[in-house]
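# Build me a model from this:
(one chain, ligands or ions: 2)
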Amino acid sequence: MKPKFITLDGIDGAGKSTNLAVIRQWFESHNLPVLFTREPGGTPVGEALREILLNPETKAGLRAETLMMFAARQQHLEDVILPALADGIHVVSDRFTDATFAYQGGGRGVPLQDIEMLENWVQGGFGPDLTLLLDVPLEVSMARIGQTREKDRFEQEQADFFTRVRAVYLERAAAHPERYALIDGNRSLEEVRADIEHALARSFGMDV
Ligand SMILES: Nc1ncnc2c1ncn2[C@@H]1O[C@H](COP(=O)(O)OP(=O)(O)O)[C@@H](O)[C@H]1O
Ligand SMILES: Cc1cn([C@H]2C[C@H](O)[C@@H](COP(=O)(O)OP(=O)(O)O)O2)c(=O)[nH]c1=O
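Ligands and ions are numbered 1, 2, ... in the order given. Coordinates of the predicted model:
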């Protein structure tokens, strides 16, 4: 079986971290080799860039922020993602290029054509086989983030920023329904789990 590249994305508070455990358990129970990684991050260079990017003190401009996301991604692809796939290991990334379209494009207003250009430069034609997109209404995301943790540089943004971020995610999923599993994250954990398991099974051609 050709190894798959699967990404998990969505606005902050949609339930990504919570549901990574579901994905992990699914791979374990099907005895499939898998590597979990994240963006920005996944390599020493990427993790150093993550520190800069998420630090509320960082005053990066729009283009510098976007380029740092892609610099981290370039290293991640070269050192982690592509080698694992070449070794027959499936890869699950907690966020990928959809997040750049959504956050830097939708949120910050970087023209989407500029992001597409960088996507082509860094990735060539490479991209996820499946993107699990967790979606929740803004109020739910805000309530969840507000309750649970110290906010990073992106989480400190205001509601209108996340409205634009969410809209770009949803537009991308609507434009390429074959690649995305749009999952309503505003339900019980059991219901969300069932949808994620269903999407994974479908992607692997298993009877569902
Ligand atoms: N389906 C759900 N129902 C209720 N609470 C949830 C659900 N999914 C996640 N949460 C809670 O919301 C908060 C944010 O979830 P988390 O998984 O950290 O989101 P993300 O990684 O997408 O930012 C956590 O406190 C988590 O327990
Ligand atoms: C990958 C990526 C992430 N981001 C943002 C989205 C998130 O707010 C942040 C990464 O946080 P995230 O991975 O969600 O971490 P945590 O769940 O630990 O808070 O980086 C971008 O703005 N652009 C990108 O290309």
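
# Flag every residue of this protein that's near ligand 2.
Selection of the chain residues close to ligand 2 by Cβ under 6 Å from any ligand atom yields 12, 17, 38-40, 54, 69, 94-95, 99-100, 103-104, 152, 154-155. Quick note: C-beta positions are derived from backbone N, CA and C, even for glycine.

# Tell me who's in contact with the closest residue to R144 other than its chain neighbours.
Leaving out its chain neighbours, the residue that sits closest to R144 by Cβ to Cβ, 6 or more residues apart in numbering is G13, at 3.8 Å. By Cβ atoms under 8 Å, 6 or more residues apart in numbering, the contact list for G13 reads 136, 140-145.

# Do I have it right that E65 meets T100?
No - counting by Cβ atoms under 8 Å, E65 does not reach T100; the two are 9.4 Å apart.

# If you count surrounding residues, which of those two has more?
T100 (25 against 19; other Cβ atoms under 10 Å).

# what about that one, distance to S188?
31 Å (Cβ to Cβ, to the nearest Å).

# Pick the one among the contacts of G13 closest to ligand 2.
I145 (8.7 Å; Cβ to the nearest ligand atom).

# and the worst-scoring helix or strand of the chain on mean pLDDT, what does it pack onto?
Lowest by mean pLDDT, DSSP states H and E among the helices and strands of the chain is helix 138-148, with a mean of 87. Counting contacts by 3 or more Cβ pairs under 8 Å, 6 or more residues apart in numbering; DSSP states H and E, helix 138-148 packs against helix 159-175.

# contacting residues for the closest residue to N186 other than its chain neighbours?
Of all residues not flanking N186 in the chain, V136 sits nearest, at 4.6 Å (Cβ to Cβ, 6+ apart). V136 makes contact with 10-11, 13-15, 144, 184-186 under the criterion Cβ under 8 Å, 6+ apart.

# Mind checking which of these are in strands?
D184 (DSSP state E).

# Using pLDDT, spot the least trustworthy of the contacts of V136.
Ranked by pLDDT, these bottom out at R144 (91).

# residue contacts, that one?
Shown in contact with R144 (Cβ under 8 Å, 6+ apart): 13, 15, 136.
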